[in-house]
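Engineer: Here's a sequence, model it:
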Amino acid sequence: MDPYFYTDKQNNQQGPVDKNELTKHGVNQSTLVWRQGMDNWKHAGALSELAGLFPPPLPATTPPPVPVGMPGPNRNEPKPTADVGIPTLPADKIMPPPYIPPSQIEPQDQENNAVVYSGKANHFLNGESVGGNLVLYRNKIQFKSHSLNIQNHVLEIELSKIEEVNFYNTLGLVPNGLALKLFEGKTEKFVVYKRTIWKTAIENQRSQNHQ
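Structural biologist: Numbers count the residues shown, from 1 in each chain. Take a look at the predicted model:
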């Protein structure tokens with residue numbers, strides 16, 4: 001079984017750890033976990049493969065109604081309890097499946113270049129993984145970060161300036177890294193979903209542009 005990644009109380013990514021070690025690290029049914037082969041982060045309690053780690057909840061008990069006229073402490077109406085929020089990861093830590101609402105990405109760029117391929121991605125900038133959208137046009141590839149990111153930015157790379165398209169594993173384990181080596185010597189790194197499709201699409205478009 002592949003090792004698991006999980007989120008701590010500060011919503012930071014931790015791991016990898018063995019399945020049987022998860023509860024020792026404070027993982028409970030509402031903790032977000034991920035392992036290789038999963039298309040998204042999920043709550044540990046929703047995975048049948050982890051069901052044996054968490055004991056079933058005790059049955060709720062309801063006391064009988066208080067008899068009318070029996071003396072007792074002041075009985076105020078119970079205050080509603082606040083909803084307990086489900087812990088979530090920051091946008092720059094999550095790699096959900098590639099879905100882009102039509103309202104977020106224009107079908108054509110300013111140069112009227114049709115979109116070849118697009119999807120959600122993270123871009124590594126100044127040591128931080130910034131979440132956003134990656135779009136491949138006919139003549140360039142563009143990354144546009146989500147507006148809530150601290151390092152909110154737009155990166156555009158002309159396909160003619162790309163020397164190589166390579167793979168790498170994030171954390172040395174997760175096979176979702178895409179590296180664009182530029183002729184100027186710089187390498188731009190991204191985390192993407194279905195990186196093989198991304199690599200093929202970029203290389204095919206570069207070949208068409210040279211014809």
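Engineer: Look at Trp24 and give its secondary structure.
Structural biologist: That one is not Trp; residue 24 is Lys. helix (DSSP: H, G, I helix; E, B strand; the rest coil).
Engineer: Please name the residues that touch it.
Structural biologist: By Cβ atoms under 8 Å, 6 or more residues apart in numbering, the contact set of Lys24 is empty. To be clear about C-beta, it is placed using only N, CA and C from the backbone, and glycine gets the same treatment.
Engineer: Can you give me the pLDDT of it?
Structural biologist: Note for Lys24: predicted pLDDT of 88.
Engineer: Walk me through the domains of the protein.
Structural biologist: Split into domains by automatic domain parsing, the chain comes to 1-75, 115-210.
Engineer: Mean pLDDT lowest where, among these?
Structural biologist: domain 1-75 (a mean of 80).
Engineer: quick one: the strands in the protein?
Structural biologist: 4-7, 13-17, 32-35, 42-43, 115-125, 128-137, 140-145, 154-158, 162-170, 174-182, 187-192 (DSSP state E).
Engineer: Please identify which of the ones you listed is closest to Gln211.
Structural biologist: Closest approach to Gln211 among the strands of the chain (Cβ to Cβ): strand 115-125, 15.1 Å.
Engineer: okay, the angle between the closest one and strand 174-182?
Structural biologist: For strand 115-125 against strand 174-182, the angle by axes from the mean of the first three to the mean of the last three Cα atoms, to 10 degrees is 100 degrees.
Engineer: Which elements pack onto strand 115-125?
Structural biologist: Applying 3 or more Cβ pairs under 8 Å, 6 or more residues apart in numbering; DSSP states H and E, we find strand 115-125 packed against strand 128-137, strand 140-145, strand 187-192, helix 195-210.
Engineer: now the angle between strand 162-170 and the second one, please.
Structural biologist: Right, the one you point to is strand 140-145. Using the same axes, to 10 degrees: strand 140-145 against strand 162-170 is 40 degrees.
Engineer: Direction included, what does strand 140-145 pair up with?
Structural biologist: Strand pairing for strand 140-145, using DSSP bridges, gives strand 128-137 (antiparallel), strand 154-158 (antiparallel).
Engineer: Out of the ones you listed, indicate the one that is most buried.
Structural biologist: The highest mean neighbour count among the strands paired with strand 140-145, using mean count of other Cβ atoms under 10 Å, belongs to strand 128-137: a mean of 21.
Engineer: Output the strands of the chain in TSV, with distance to Arg206 appended to each entry.
Structural biologist: Supplementary listing: these in TSV, determined by distance: least, Cβ to Cβ, whole Å:
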stretch	distance to Arg206
strand 4-7	34
strand 13-17	33
strand 32-35	32
strand 42-43	37
strand 115-125	11
strand 128-137	10
strand 140-145	10
strand 154-158	10
strand 162-170	7
strand 174-182	11
strand 187-192	15
